[in-house]
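Chemist: the following comprises the amino acid sequence and a computationally predicted model.
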Amino acid sequence: MDMLWNGWGDPAKAAPLPDTVTGLLRDLLGVTPRSTPALGLADLRPPAPTAAPAALRALATAVGGDEHVRTDAESRVRHTRGKSTPDLLRIRAGDVTDVPQAVVLPATHDEVLAVLRACAAHGLAVVPFGGGTSVVGGLAPHRSAFVALDLRRMNRLLDLDPVSRTAVLQPGLRAPEAEALLAEHGYTLGHFPQSFEWATIGGFAAARSSGQASAGYGRFDEMVLGLTLATPEGTLETGRAPRSAAGPDLRQLVLGSEGAFGVITSVTVRIRPRPEVRVYEGWRFDSFEEGATALRRLAQDGPRPTVLRLSDETETLVGLAQPDAIGADLTQGGAGCQAITGYEGTAEDTAHRRERAAAVLTACGGTLVGTEPGERWAHGRYSAPYLRDALLDAGAFAETLETAAFWSRVPELYTAVRTALTDTLTRAGTPPLVMCHISHVYENGASLYFTVVSAQGEDPVAHWTPAKHAANEAVLAAGGTISHHHGVGTDHRDWFVREAGPLGVSALRAVKRRLDPEGLLNPGVLLPTD
């Protein structure tokens, strides 16, 4: 099944907003439903492909037949841009000017190499396409003549080594499919980002994804032990041991490269035994500062839960900590900040960690409110993107952004980004509701994940752009990174260049020139085009 073309995920899972939320949007933010009639997929008229017939024939030869090269309007529209709010607003308005020339579906590493050779011969850029879940412009190349390289046919578990506890997965394997295949052997990857239902293994590696259970399982880049990369200049193999002192780790060069250096065609990952039990709890703190201190204590001194996250006062009040119960606290007088702790493993180990963690959280001012909030969070953990669609349908603007910093900089970063968003959007006449949660913790720091809701304004994309830029400036000024797990894409590229510095960018440009001398791979993503 394909993802909804003008929204997120499965159309059957979309739900309207509760009346409490609709009233809040109207009374607090001045949101009113937009009068523009909704367009259907059949209403879109993308420009006809201009690729030469010889190019399309070469692509068909590369992937074993014409049936694996799609040039119909629907296939091309479905591979246009990603799933950021500006992406969705543009396509909902009928803007499909930057569709790919064709959608190409290879089945093997050698077919990917053949596609790259064909594209080089005919001057076509290549955008690797997994689940299509990018929210930072990662599927918006700065080249009009490009093909979308859809990796869905590369969706197999190639190998599983129970002695080493490793698995080799193809890049087009969606996360639920990967979990199901590993579960047949008694294992889990343990990677559960909000995009879990649709994102792919290759996308996780290309964007340095981080899952909601990262406190226990680690980020995806920590799980990766080896990679195979197809480039216009040949094949790059990395990772022949769990750790090595044989020079710089080339895996780290590929991880986070977002399709700009090559196409990931297989990933060797660390796997873990499936947990016997999973338990999720809710805790309440009087303030975000108090809760953050508690999370830091657990991250630094243990015991560290598998899931550990904290919503600020606004997010807790609105109920965004539990997307399937949005608006519940508005009528219940909720106060303070909600934290979620989750524990996975053996029954004995889980009980022991829960007891020890509870002592730390209580000592830091936390109050246990039981398993119900935790279980509700777990039930609705993938619901927020559907909520975003419902907000857009109701005439609101809703978008997210994330960053990370060392613990000592987290309070300043939190204040700086909230202030930048609030001030910019208020000056534009659309005062926002800005919510935040700590979503990933480390011994030395944490990530902050912001959600912004406001009225859309006359031109929603133009309305958001200054606020996004102000937030990016605030992130760098406060000592944060421009992205913790969404990636760079085109949206963050100019700020990534400043974060990496001139010499760092020059080094990455040199790598791209060696692996992709014609600049065909996702041009303009990650690095500016020459």
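Modeler: Yep, that arrived.
Chemist: alpha carbons only for contacts and neighbour counts from here, please
Modeler: Fine.
Chemist: residue contacts, V475?
Modeler: For V475, the contact set (C-alpha atoms under 8 Å, 6 or more residues apart in numbering) comprises 403, 413, 416-417, 481-482.
Chemist: among these, name the ones in helices.
Modeler: Among those, the residues falling in helices (DSSP state H) are 413, 416-417.
Chemist: by neighbours, which of those wins?
Modeler: Within the ones in helices among the contacts of V475, V417 tops the neighbour count with 29 neighbours, counted by other C-alpha atoms under 10 Å.
Chemist: which ones are touching it?
Modeler: Counting by C-alpha under 8 Å, 6+ apart, V417 has contacts 471, 474-475.
Chemist: let's see which of these end up in strands.
Modeler: Judged by DSSP state E, strands contain none of those.
Chemist: in a markdown table, list these along with pLDDT and distance to A199.
Modeler: Formatted as a markdown table, these follow (pLDDT from 0 to 100; distance: C-alpha to C-alpha, whole Å):
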| residue | pLDDT | distance to A199 |
| --- | --- | --- |
| A471 | 98 | 26 |
| A474 | 98 | 29 |
| V475 | 98 | 26 |
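Chemist: distance to G226 added to those, as JSON lines?
Modeler: Below are the contacts of V417 laid out as JSON lines (distance: C-alpha to C-alpha, whole Å):
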{"residue": "A471", "distance to G226": "35"}
{"residue": "A474", "distance to G226": "36"}
{"residue": "V475", "distance to G226": "32"}
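Chemist: so which of the residues you listed is the closest to T235?
Modeler: The shortest approach to T235 among these belongs to V475, at 36.7 Å (C-alpha to C-alpha).
Chemist: just say helix, strand or coil for the closest residue to R309 other than its chain neighbours.
Modeler: Spatially, and ignoring its direct neighbours in sequence, R309 is nearest to S439 (4.9 Å; C-alpha to C-alpha, 6 or more residues apart in numbering). At S439 the chain is in strand, as set by DSSP: H, G, I helix; E, B strand; the rest coil.
Chemist: near S439, how many other residues are there?
Modeler: For S439, the neighbour count with other C-alpha under 10 Å is 24.
Chemist: what do you get for the one 5 residues further on?
Modeler: Residue neighbour count, defined by other C-alpha under 10 Å, stands at 12 for N444.
Chemist: before we move on, what about G504?
Modeler: By other C-alpha under 10 Å, neighbour count at G504 equals 13.
Chemist: tabulate the ones in helices among the contacts of V475 (CSV), appending distance to A180 and pLDDT.
Modeler: What follows is the ones in helices among the contacts of V475, written out as CSV (distance: C-alpha to C-alpha, whole Å; pLDDT from 0 to 100):
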residue, distance to A180, pLDDT
L413, 39, 98
A416, 42, 98
V417, 39, 98
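Chemist: and of those residues, the nearest to D43?
Modeler: For the ones in helices among the contacts of V475, the minimum distance to D43 (C-alpha to C-alpha) is 38.7 Å, reached by V417.
Chemist: all helices for the stretch 401-530 of the chain, in order.
Modeler: 410-427, 460-477, 493-515 (DSSP state H, counting those that start in this stretch).
Chemist: just checking, what packs against the longest one?
Modeler: Same thing as helix 493-515. helix 460-477 (3 or more C-alpha pairs under 8 Å, 6 or more residues apart in numbering; DSSP states H and E).
Chemist: list the buried residues for the helix it packs on?
Modeler: Applying a neighbour-count criterion of 16 or more other C-alpha atoms under 10 Å, one finds 460-461, 463-464, 466-476 buried in helix 460-477.
Chemist: what is the nearest of the residues you listed to R251?
Modeler: L476 (26.4 Å).
Chemist: wait, what's in contact with the closest one?
Modeler: 482, 495, 499.
Chemist: show me the shaky parts of the stretch 351-500 of the chain.
Modeler: Along the stretch 351-500 of the chain, no part satisfies pLDDT under 70.
Chemist: count of residues packed around Q252?
Modeler: 17.
Chemist: look up the pLDDT of it for me, please.
Modeler: If you check Q252, the pLDDT there is 95.
Chemist: with R143 instead?
Modeler: 89.
Chemist: same check, this time on L17
Modeler: At L17, pLDDT is 84.
Chemist: so what's it up against?
Modeler: 387, 390-391, 394.
Chemist: considering the residues you listed, which possesses the most neighbours?
Modeler: Ranked by neighbours (other C-alpha under 10 Å), these are led by L391, which has 24 neighbours.
Chemist: so where do the helices sit in the stretch 201-350 of the chain?
Modeler: Under DSSP H, counting those that start in this stretch, the stretch 201-350 of the chain gives helices at 201-206, 214-217, 220-223, 251-254, 288-301, 313-318, 347-363.
Chemist: distance to S447 added to the ones you listed, as a markdown table?
Modeler: Putting these into a markdown table (distance: least, C-alpha to C-alpha, whole Å) gives the following:
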| stretch | distance to S447 |
| --- | --- |
| helix 201-206 | 17 |
| helix 214-217 | 11 |
| helix 220-223 | 15 |
| helix 251-254 | 20 |
| helix 288-301 | 11 |
| helix 313-318 | 16 |
| helix 347-363 | 19 |
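Chemist: who touches the residue nearest to R309 in this structure?
Modeler: 212, 308-310, 446-449.
Chemist: does R388 touch A394 like I think?
Modeler: No: here R388 lies out of contact with A394, judged by C-alpha atoms under 8 Å, at a distance of 9.9 Å.
Chemist: and the gap between the residue lying farthest from the centre of the chain and L149?
Modeler: Going by C-alpha atoms, centre = their mean, the residue of the chain most distant from its centre is A54, 36.4 Å out. A54 sits at a distance of 18 Å from L149 (criterion: C-alpha to C-alpha, to the nearest Å).
Chemist: wait, is the residue farthest from the centre of the chain part of a helix?
Modeler: Yes: assigned with three-state DSSP, A54 falls within a helix.
Chemist: who touches it in this structure?
Modeler: A54 touches nothing, counting by C-alpha under 8 Å, 6+ apart.
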